[in-house]
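A.B. asks: got a structure for you, letters missing:
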């Protein structure tokens, strides 16, 4: 006969689901206040990463509806194009974005996706916690603690993909069952859960390996203790099948990254960056801004420790979690696979600490630093601290076990309810992020409609141009990339998490509109004497701009001088540009000024510019120097064919002396010897070139790969062979033709 007691098992599950559907959305609302009230209008905190995510998901949707490849977006970072492999892939988020965006606008869709990621992370943690402790109420609180922790909810300020933690606990759960007793159905379930985890965030592809391998090791040791020495051998075939399944899936999911790597784009990260982003161990239990309890602390621990990049390194789990984990440790609370989960927690925390620890004058290398050297996938990681999201899931499960044990000790149900509600309310207070303002998204400027009406084939150079890799203009270039999907014109704008080295070197470094140049006093108000532009010497700003725009096919320049960017670039920094290009202006309002390249006259004197083969620019011995490979091209515009030209070239061989030749087509103009790491100047013989554009190629007799892992961007992590450091390629004045 069915039981007549209430609540029945079905009734208890109904109450559990009701509690989840009430508590978790409430936790999201409380934890993200006041952003929850701006779901239709604003993005969280800085709009840079959210708009980048929206741009990527828009691109997937456009490619799906147009049946075209998403590998490279030719309309962003024009004229090179933006490879999808340089962005966070957002596979799972894009699958959800496509149907939701058909109903809601982009801002609402993004906020819904962010909340959905948080909610699903809580549910996934609940499922794992319930499996480990077999206590519904404790598991519900465990899911809430994980969801609201800083490593998960703190990512909601910009990193959409890192809020999708649901498939980590689900993968671990399916993996444990598969390892314990392999079968074909469990194999497929574990593989599917792993691929869904990888689809959630690329970082999880690497981070999840540690937990998976640790469980195999833990079970293997347990089997050996019981005399089962064939335990591992009996599972090798199953491991092979799993590796084949997920290997094929990962290759498909990351085909964009594989394509980018094969086509010369840099996928690696430098050791320098890796060392910057470790999580301090005390950060797991000491709150910082914006958490309310931080204001009661005697001082700011992060500031006292002189820790930079605080947002990426915060790991605060909440006082409730810390207390329950402490209780579980001191009381040796039992739950399923207890020793494995404590070991897993220790491993994840140690990895999150990063590569190094500074103890006074001493620099101590940590296990993550060792792994970076021997485990190749780890060299794709920029922020080891992000594994703290997995730490949050582990500690939440242990906290659930502690709470279940406490409930078992309480005699009265009223005491349980009171304790439970108290823990929930304190968690809401403790883990709500206060005073985090939302970020509004500017409407698209009217200038784009004007340009498109006058020139449907227009190509846009948006300025100020962001310094390659990162710079003050990130907000502007991200806004412009977001607007591009609306106006449809190719644009130089677009920010990707991984630097587009081809765009940086071809378009970014040689640009006369680079943000680091626009902030120079007086730039570029001296049209006669000119300024040193890149490494190519002094030219008229208008002449160099004509060559730059013509070479890269930019038909219009859009100067963003509106209020949205005044905090980065005060108006006076644009006055020199406006004065130089005033006669080419075709549009102006309070937000933008538009200039047309066709109105700019061709140069009347020779002018040259670096094009292909040039690597990053660095400061070397108080000079701006450009690394280059075995060959590097310089584009030269010569207005008259009957004029003698002469070049000064200053270079040093990288690590070794080099024999260098300068060619024009099949003709060798000059050759010289560049000393190893010592600057050598060379004056070419006089030569002549036909009128118009000519390409000069600098060739050396070899190249070498140097270790750049300890250097900061943009050169840090660059594995391409290098031949020369070049500080100058300029014209030598010749008589009256070059006063």
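C.D. replies: Right, received. Where do you want to start? The shown structure was predicted, so the numbers you read here are calculated from the model rather than taken from an experiment. Numbers count the residues shown, from 1 in each chain.

A.B. asks: ok, which stretches of the stretch 101-250 of the chain are strands?
C.D. replies: For the stretch 101-250 of the chain, no strands are identified by DSSP state E, counting those that start in this stretch.

A.B. asks: For stretch 450-464, which residues meet the burial criterion?
C.D. replies: Neighbour counts over stretch 450-464 (16 or more other C-beta atoms under 10 Å) mark 451, 458-464 as buried. C-beta coordinates here come from the backbone N, C-alpha and C atoms, glycine included.

A.B. asks: isn't residue 585 right next to residue 600, touching?
C.D. replies: No: taking C-beta atoms under 8 Å as the definition, residue 585 is not a contact partner of residue 600, at 11.0 Å.

A.B. asks: Which of these two has more residues huddled nearby?
C.D. replies: In terms of neighbours (other C-beta atoms under 10 Å), residue 600 is the more surrounded of residue 585 and residue 600; the figures are 19 against 15.

A.B. asks: what are the phi and psi values for that one?
C.D. replies: The phi and psi values for residue 600, taken as degrees, to the nearest 10, are phi -90, psi 120.

A.B. asks: Tell me who's in contact with it.
C.D. replies: Each residue near residue 600 by C-beta atoms under 8 Å, 6 or more residues apart in numbering is listed here: 542, 545-546, 549, 581, 584.

A.B. asks: Which strand residues bridge residue 645?
C.D. replies: Note on residue 645: beta-bridge partners by DSSP bridges are residue 687.

A.B. asks: so it touches residue 694, yeah?
C.D. replies: No: the pair residue 645 / residue 694 is not scored as a contact, 10.0 Å apart, by C-beta under 8 Å.

A.B. asks: Mind listing the shared neighbours of those two?
C.D. replies: When contacts are counted by C-beta under 8 Å, 6+ apart, residue 645 and residue 694 have residue 638 as shared neighbours.

A.B. asks: Looking at the two, which one has more neighbours?
C.D. replies: Set residue 645 next to residue 694 and count neighbours by other C-beta under 10 Å: residue 645 wins out with 21 against 17.

A.B. asks: Report the secondary structure state of the nearest residue to residue 602 once chain neighbours are set aside.
C.D. replies: Nearest residue to residue 602, sequence neighbours excluded (C-beta to C-beta, 6 or more residues apart in numbering): residue 546, at 6.1 Å. Here residue 546 takes the helix state, with states given by DSSP: H, G, I helix; E, B strand; the rest coil.

A.B. asks: mind starting the numbering at 514 from now?
C.D. replies: Happy to do that; since the first residue is 514 now, the last one works out to residue 1059.

A.B. asks: Out of the buried residues of stretch 963-977, the closest to residue 684 would be?
C.D. replies: Nearest to residue 684, judged by C-beta to C-beta, of those is residue 975 at 41.6 Å.

A.B. asks: In three-state terms, label that closest one for me.
C.D. replies: Applying three-state DSSP: residue 975 is strand.

A.B. asks: What distance do you get for it to residue 953?
C.D. replies: Distance of residue 975 to residue 953, computed by C-beta to C-beta, to the nearest Å: 20 Å.

A.B. asks: what does residue 734 give?
C.D. replies: 55 Å.

A.B. asks: ok, those two, which is more surrounded?
C.D. replies: Using other C-beta under 10 Å as the criterion, residue 734 and residue 953 rank with residue 953 on top: 13 against 10.

A.B. asks: List the contacts of the nearest residue to the more buried one once chain neighbours are set aside.
C.D. replies: In this structure, residue 953 finds its nearest non-sequential neighbour in residue 555, 5.1 Å apart by C-beta to C-beta, 6+ apart. Shown in contact with residue 555 (C-beta under 8 Å, 6+ apart): 548, 620, 951-954.

A.B. asks: circling back: which pair in the buried residues of stretch 963-977 spans the largest distance?
C.D. replies: 971 and 977 (19.5 Å).

A.B. asks: Next up, phi/psi of the residue positioned nearest the centre of the chain, please.
C.D. replies: The centre of the chain sits closest to residue 1010, judged by C-alpha atoms, centre = their mean, with a distance of 3.1 Å. Here is the backbone geometry of residue 1010 (degrees, to the nearest 10): phi -60, psi -40.

A.B. asks: Report whether the expected contact of it with residue 597 is present.
C.D. replies: No: Residue 1010 is beyond contact range of residue 597, at 11.5 Å (criterion: C-beta under 8 Å).

A.B. asks: tally of neighbours for residue 991?
C.D. replies: 24.

A.B. asks: Quickly find the element holding residue 529.
C.D. replies: Residue 529 belongs to helix 522-544 when assigned by DSSP states H and E.

A.B. asks: Give me the helices and strands touching that helix, please.
C.D. replies: Identification of packing neighbours for helix 522-544 by 3 or more C-beta pairs under 8 Å, 6 or more residues apart in numbering; DSSP states H and E yields helix 619-646, helix 649-661, helix 926-943.

A.B. asks: tell me the mean pLDDT over stretch 542-559?
C.D. replies: Taken as a whole, stretch 542-559 carries a mean pLDDT of 83.

A.B. asks: list the buried ones in it?
C.D. replies: By neighbour count on 16+ other C-beta under 10 Å, the buried set for stretch 542-559 is 543-545, 548, 551-552, 555-558.

A.B. asks: same question, stretch 893-909
C.D. replies: For stretch 893-909, by 16+ other C-beta under 10 Å, it's 894-909.

A.B. asks: Now for those residues: which two are most distant?
C.D. replies: The distance between the two most remote of the buried residues of stretch 893-909 (C-beta to C-beta) is 25.6 Å, for 895 and 909.

A.B. asks: lowest-pLDDT helix or strand in this structure?
C.D. replies: strand 1044-1045 (a mean of 56; mean pLDDT, DSSP states H and E).

A.B. asks: Now do the helix or strand encompassing residue 839 and helix 926-943, the angle between them.
C.D. replies: Applying DSSP H and E as the criterion places residue 839 in helix 832-843. Comparing the axes of helix 832-843 and helix 926-943 via axes from the mean of the first three to the mean of the last three C-alpha atoms, to 10 degrees yields an angle of 120 degrees.

A.B. asks: quick one, strands of the stretch 864-1013 of the chain?
C.D. replies: 869-872, 875-878, 951-953, 973-976.

A.B. asks: can I see the domain layout of this protein?
C.D. replies: Using automatic domain parsing, the domain parsing of the chain gives 528-557+601-943, 960-1112, 1120-1250.

A.B. asks: Tell me how many other residues surround the closest residue to the residue nearest to the centre of the chain other than its chain neighbours.
C.D. replies: For residue 1010, ignoring the flanking residues on the chain, the nearest one in space by C-beta to C-beta, 6+ apart is residue 601 at 5.7 Å. Residue 601: 21 surrounding residues under other C-beta under 10 Å.

A.B. asks: Give me the distance between residue 601 and residue 768.
C.D. replies: The spacing between residue 601 and residue 768, counted by C-beta to C-beta, is 15 Å.

A.B. asks: Check residue 1052 too.
C.D. replies: 43 Å.

A.B. asks: Looking at the two, which is more packed in?
C.D. replies: residue 1052 (25 against 16).

A.B. asks: Was I right to think the more buried one contacts residue 1046?
C.D. replies: Yes: the criterion here is C-beta under 8 Å, and residue 1052 meets it with residue 1046 at 6.4 Å.

A.B. asks: What helix or strand is residue 1183 located in?
C.D. replies: Counting by DSSP H and E, residue 1183 is part of strand 1180-1187.

A.B. asks: what's the following helix or strand after that strand?
C.D. replies: strand 1193-1196.
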